[in-house]
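S.K.: The sequence and its predicted three-dimensional model are supplied below.
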2 protein chains.
Amino acid sequence: MQTTRTTPSRLAKRAHYDADTIHPILDEALFCTVSYVLDGQPMAIPTAFARKGDKLYIHGSVGSHFIRSIEQGNPVCISVMLADGLVLAKSAFHHSVNYRSVVVFASAEKVTDEAERLEALALITDHLIPNRWDDLRPTTDSEMRKTTVLAFSLAEASAKVRTGGPGDDPEDEHLPTWAGVIPLQTVRLTPIPKAGDKDIPLPAYLAS
Amino acid sequence: MQTTRTTPSRLAKRAHYDADTIHPILDEALFCTVSYVLDGQPMAIPTAFARKGDKLYIHGSVGSHFIRSIEQGNPVCISVMLADGLVLAKSAFHHSVNYRSVVVFASAEKVTDEAERLEALALITDHLIPNRWDDLRPTTDSEMRKTTVLAFSLAEASAKVRTGGPGDDPEDEHLPTWAGVIPLQTVRLTPIPKAGDKDIPLPAYLAS
């Protein structure tokens, strides 16, 4: 949703407010950064998360200072950034980055419904490792008691996207300097089994 | 430096305050997230940066709302996170992430010395693309006038690092569930030349 604080001061053409742009970025990003304010001081914590519909979930220990600082519903800013490429121009000035980023302004709602809590934990697990949850033993009551789940509305979310090659000044176009894009990608390497585990085959959902 | 706000409430063994841990994380990370407070609201912007000694530099347009919001020296929190691997345990509860993160509490100092401004821009460019700066035409006075460079002290920086395999509960060790680590890596793919450029060979510093 476009509001005063989701409207950028510059390069407004890069801003997007539609779920079709915002949701895939959130779904592809592995981690978000949660920024909040403590006694006037900005704080930031990178953490795992998941999205379902117009909600974003995070979790943490009930004893975590971070979780306790935001669970009462004070304002947070949740940001993710996917770096897609380094954009090399003919001049230093026009160097840029191809990226897809999302910023969410919201306040935590502490999830108390046990079914929603469990679903959120499954979503967070499967967001990082698709199909993992169903391969795991059930969560215990003790584990659930030690875990806080927070939900955030995506109503005030916005995305910024840059794609394409460099935009050079006309007078630089003739320069023999190499220009273009170096694509960046996050890859998953071959899984390394736990020390001591023997004869446990790698499941198909981890092999792909 | 260890201060009240750089001391984590949990897992204190993961915290580090020495330059030998902090500097390599900052040097390897391509982007940081700058969190700040505007009228009580937390805000966060991902941006490029560079480190020299105990200083971190960022830059931006003199007209940027973000830059103008922090250049007066109000407190910021600068965070970076390198995600090294997904840690798969026998239980959902003990799933974790191998990561190296740094959080810096600081306030912007606006760099006014022209030589330091130029050096900071070179450092930021070469941080993303090593050896790029020397291959570029000199920056113009007009470009420099349009650019703000901010410096931040790393005096109050801390790192958190997790490495290794999953830590399972003893009663879960026998489970036949695959456990271990899926390493994550950010890779640079083959550079894509700018449309229209012909016969400009890829420089050696971009080929490696």
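M.R.: On my side now, so go ahead. Residues are numbered from 1 along each chain as shown, chains lettered A, B, ... in the order given.
S.K.: The closest residue to residue A:129 other than its chain neighbours: neighbouring residues, count only.
M.R.: Ranked by C-beta to C-beta, 6 or more residues apart in numbering or on different chains and with sequence neighbours excluded, the top spatial neighbour of residue A:129 is residue B:86, at 5.9 Å. For the C-beta atoms, the positions are set from N, CA and C on the backbone; glycine is no exception. Using other C-beta atoms under 10 Å in any protein chain shown as the criterion, residue B:86 is surrounded by 22 other residues.
S.K.: Secondary structure element holding residue B:86?
M.R.: With the criterion set as DSSP states H and E, the secondary-structure element containing residue B:86 is strand B:75-88.
S.K.: Please pull up the helix or strand immediately following that strand.
M.R.: strand B:96-107.
S.K.: what lines up beside the helix-or-strand element of chain A with minimal mean pLDDT in the sheet?
M.R.: Counting by mean pLDDT, DSSP states H and E, chain A has its least confident helix or strand at strand A:15-16, which shows a mean of 90. For strand A:15-16, the pairing partners within the sheet under DSSP bridges are strand A:157-162 (antiparallel).
S.K.: what's the angle from the partner strand to strand A:75-88?
M.R.: Taking axes from the mean of the first three to the mean of the last three C-alpha atoms, to 10 degrees, one finds that strand A:157-162 is oriented at 10 degrees with respect to strand A:75-88.
S.K.: Could you pull out the helices in chain A for me?
M.R.: Along chain A, the stretches classed as helices by DSSP state H are A:19-28, A:65-70, A:114-128, A:141-145, A:204-207.
S.K.: can you tell which of these is closest to chain B?
M.R.: When these are ranked by distance to chain B, counting by C-beta to the nearest C-beta, first place goes to helix A:65-70 at 3.4 Å.
S.K.: who's sitting farthest from the centroid in chain A?
M.R.: Taking C-alpha atoms, centre = their mean as the measure, the residue most remote from the mean C-alpha position of chain A is residue A:174, 39.6 Å away.
S.K.: do you know how far that one is from residue A:203?
M.R.: Between residue A:174 and residue A:203 the distance, using C-beta to C-beta, to the nearest Å, works out to 56 Å.
S.K.: Also residue A:108?
M.R.: Distance, residue A:108 to residue A:203, using C-beta to C-beta: 34 Å.
S.K.: so where's chain A uncertain?
M.R.: Within chain A, the set of residues satisfying pLDDT under 70 comprises A:1, A:8-12.
S.K.: Just list the residues touching the closest residue to residue A:67 other than its chain neighbours, thanks.
M.R.: Counting by C-beta to C-beta, 6+ apart, residue A:60 is the residue found nearest to residue A:67 once chain neighbours are left out, at 4.0 Å. Residue A:60 sits next to A:47, A:66, A:67, A:147, A:148, A:150 when contact means C-beta atoms under 8 Å, 6 or more residues apart in numbering or on different chains.
S.K.: Tell me the spacing between the last one and residue A:19.
M.R.: Translated: residue A:150. Taken as C-beta to C-beta, the span from residue A:150 to residue A:19 is 21 Å.
S.K.: circling back: dump the helices of chain A to TSV, plus mean neighbour count.
M.R.: Formatted as TSV, the helices of chain A follow (neighbours: other C-beta atoms under 10 Å in any protein chain shown):
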stretch	mean neighbour count
helix A:19-28	16
helix A:65-70	20
helix A:114-128	18
helix A:141-145	11
helix A:204-207	12
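S.K.: Among those, which comes closest to residue A:100?
M.R.: Counting by C-beta to C-beta, residue A:100 lies closest to helix A:19-28 out of the helices of chain A; the figure is 4.7 Å.
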